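> okay, here's the prediction I keep looking at, along with the sequence it came from:
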Number of protein chains: 2
Amino acid sequence: MNSRKRQVMVAAHALFVEKGYAATSIQDILDASHISKGTFYNYFSSKSELLINILEDIKTETKKQRLSVLSGRQASDLIGFSDQLVITMEVNKRNNLFILFQGVFASEEEELKQLVKRHYLEELKWIQSRIIELYGKKVKPYSLDLSLIFLGSVQQMIHLFMVTKSESIELKEIIAYGLRRMDGTIADVQSSEDILVGEWFFDKCFPEIALSKEHKRKNILERINVMQQGASPKQKELLGFLQNEIKVTKPRAAVIEAVLGVIDGREDLADLVIDYLHE
Amino acid sequence: MNSRKRQVMVAAHALFVEKGYAATSIQDILDASHISKGTFYNYFSSKSELLINILEDIKTETKKQRLSVLSGRQASDLIGFSDQLVITMEVNKRNNLFILFQGVFASEEEELKQLVKRHYLEELKWIQSRIIELYGKKVKPYSLDLSLIFLGSVQQMIHLFMVTKSESIELKEIIAYGLRRMDGTIADVQSSEDILVGEWFFDKCFPEIALSKEHKRKNILERINVMQQGASPKQKELLGFLQNEIKVTKPRAAVIEAVLGVIDGREDLADLVIDYLHE
DNA sequence: TACTATTTGTACTGCATGTACAATTTCATC
DNA sequence: GATGAAATTGTACATGCAGTACAAATAGTA
């Protein structure tokens, strides 16, 4: 990316984190990044568009880190999930995203609001899919409820600690506590068969956010990429085959299932692929 | 209150709910309430002070409604708690408080931020004390954790429905679901003796928010007031005695306990009073 | 009616976003 | 090193907002 543009984004990012979005005027950004107003409006049509750029940067950075945490581990590894959550929350904290999002949500910039909304729904969807991967298909009917309870609890706790400026408790502990509660809650909702939102909420209300076929495929390919890191040549060959076959218009389901049968740590992948093929 | 001031507050309140705080300019308020700028600044030193006035109105209104819901019922009545929560959340929704608070939190008005912070901590504290009343002293060590989980889950669900503009689920259902989960969670944390925040968090971090002696006394007097509605003359006499005795510098504990022994629905009150006397 | 308090209208300051554009600098290419 | 296109700058300008100041008009009251 253009170095001037990057320069502005870095300076603005720092200012937003330090003083907040609303409190940072464009003049502040011009001063901090040593550029003129004209140049600024060459690259960004407004302060809010600048923020959109920054947020998208953060988003892709988070996604990358989350995937790298998982490399070499199974998708059904609880520690892996916990680490992913810690990383996510740390990024949020480091970038003051809680405050930033709150400000955006109350602002009048429609585009920004949409971005934050979409980001929220995607994060929720991600937690939901990870919960299914971790706890198995039996929790599927309760997966969205569980996600809401988990995310809500954790965020509420973080919020309390931020409000009281209390540094005594670590993100890691909060998330670990939330995950411990998850076990109890799963047993609870399963035994009572108690459902509030239902697993298909997204598909009904927001088809564009729901895991579309493309979305699922991308997911699978990403997962395969992660699995390939450090795999044996034989495993790599199998994974490579899957990668190509998935992309084909009419994947040969029987062959794929056979290949899946001899892949190490296939369980999570198999679930995803079978779900994908059967749609 | 001065009718002009009220007139401004009503108009501004409507505008804030409709368009949001940030999006409402003072000029909008002047137009809507048909007053001049001069008059506005006679009554309020700024837009944020106006909002503070409105929020305080809403707060006292909520408190009043919450108490009236409880009249004629025991404090340990789960339905009563549920109704109180529904009322609270309905007020929040009607006044767009979620959005309003978010905006405030991201703004630069220190006084407003403090108000919202305090309000949040007080609400949390209220939920905590109600949970103890409802589920007994045995949940005390877990009461703050439970409050955070409950409030977080419910808010997260409401947030999801607001973001997706889905009207299909009622506040009442959400709260009922949250309370059903509470039972499971209580069993869970009790059997594992798992504590994250600890019951004394407020006392350690925020002594001014914690239930001070005065605060507790006020609480008891309010509760007695509620109990007096519709009570028999005899009961009223007993309650009236308590009301006076509590206010005294050195309340006669033995007498109070004797009187408590013959009051209908004394259990909750007795807990509060004994806790108050033993401090 | 006369006195007082409230209310109004208007004009002003200061700061913010955003536009327009001519003047200047930078930089690759010849 | 000269040249021309592209990037960058500085400046002036339009607009809208919060908040101040104050003289003039109005309403309420005794």
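Done, it's in.
> any stretches of the stretch 151-279 of chain A with poor pLDDT?
Under the criterion pLDDT under 70, the flagged ranges of the stretch 151-279 of chain A are A:207-212, A:267, A:279.
> can you pull the buried residues of the helix or strand containing A:Glu122?
Per DSSP states H and E, A:Glu122 falls inside helix A:110-135. By 16 or more other C-beta atoms under 10 Å in any protein chain shown, the buried positions in helix A:110-135 come out as A:112-113, A:115-117, A:119-121, A:123-135. Any C-beta I mention is one placed from the backbone N, CA and C, and that applies to glycine too.
> how about the nearest residue to the closest residue to DNA strand D within the stretch 51-200 of chain A, chain neighbours excluded?
Of all residues in the stretch 51-200 of chain A, the one sitting closest to DNA strand D is A:Glu108 (10.9 Å; C-beta to the nearest atom of the strand). Residue nearest to A:Glu108 in three dimensions, not counting chain neighbours: B:Ala23, with 4.9 Å by C-beta to C-beta, 6 or more residues apart in numbering or on different chains.
> that neighbour touches A:Glu109, doesn't it?
No - taking contacts as C-beta atoms under 8 Å, B:Ala23 lies outside contact range of A:Glu109: 10.6 Å.
> compare those two (neighbour count), which wins?
Under the neighbour definition other C-beta atoms under 10 Å in any protein chain shown, B:Ala23 and A:Glu109 were set side by side, and A:Glu109 has more, 17 against 14.
> what's the closest non-adjacent residue to that one?
Per C-beta to C-beta, 6+ apart, closest to A:Glu109 is A:Ser48, 4.1 Å.
> correct me if wrong: the one you found contacts A:Leu112.
Yes - using C-beta under 8 Å, A:Ser48 is in contact with A:Leu112, at 5.0 Å.
> now A:Ile35: which helix or strand?
Using DSSP H and E, no helix or strand contains A:Ile35.
> what's the helix or strand for the closest residue to it other than its chain neighbours?
In space, A:Ile35 comes closest to A:Val8 once its chain neighbours are excluded; the distance is 6.3 Å by C-beta to C-beta, 6+ apart. Following DSSP H and E, one finds A:Val8 within helix A:3-19.
> and that helix with DNA strand D, contact?
Yes - counting by C-beta under 7 Å from any atom of the strand, DNA strand D is contacted by helix A:3-19 at A:Arg4.
> tell me which strands and helices that helix is in contact with?
helix A:26-33, helix A:37-43, helix A:47-70 (3 or more C-beta pairs under 8 Å, 6 or more residues apart in numbering or on different chains; DSSP states H and E).
> may I see the buried residues of the longest one?
Along helix A:47-70, these residues count as buried under the neighbour rule (16+ other C-beta under 10 Å): A:47-48, A:50-55, A:57-59, A:62, A:65-66, A:69-70.
> equivalent analysis for stretch A:15-25, please.
So for stretch A:15-25, counting by 16+ other C-beta under 10 Å, buried means A:15-17, A:20-22, A:24.
> output those residues as CSV; include the columns pLDDT and distance to DNA strand C.
As requested, those are exported to CSV (pLDDT from 0 to 100; distance: C-beta to the nearest atom of the strand, whole Å):
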residue, pLDDT, distance to DNA strand C
A:Leu15, 93, 11
A:Phe16, 92, 12
A:Val17, 92, 17
A:Gly20, 88, 12
A:Tyr21, 90, 10
A:Ala22, 88, 9
A:Thr24, 91, 7
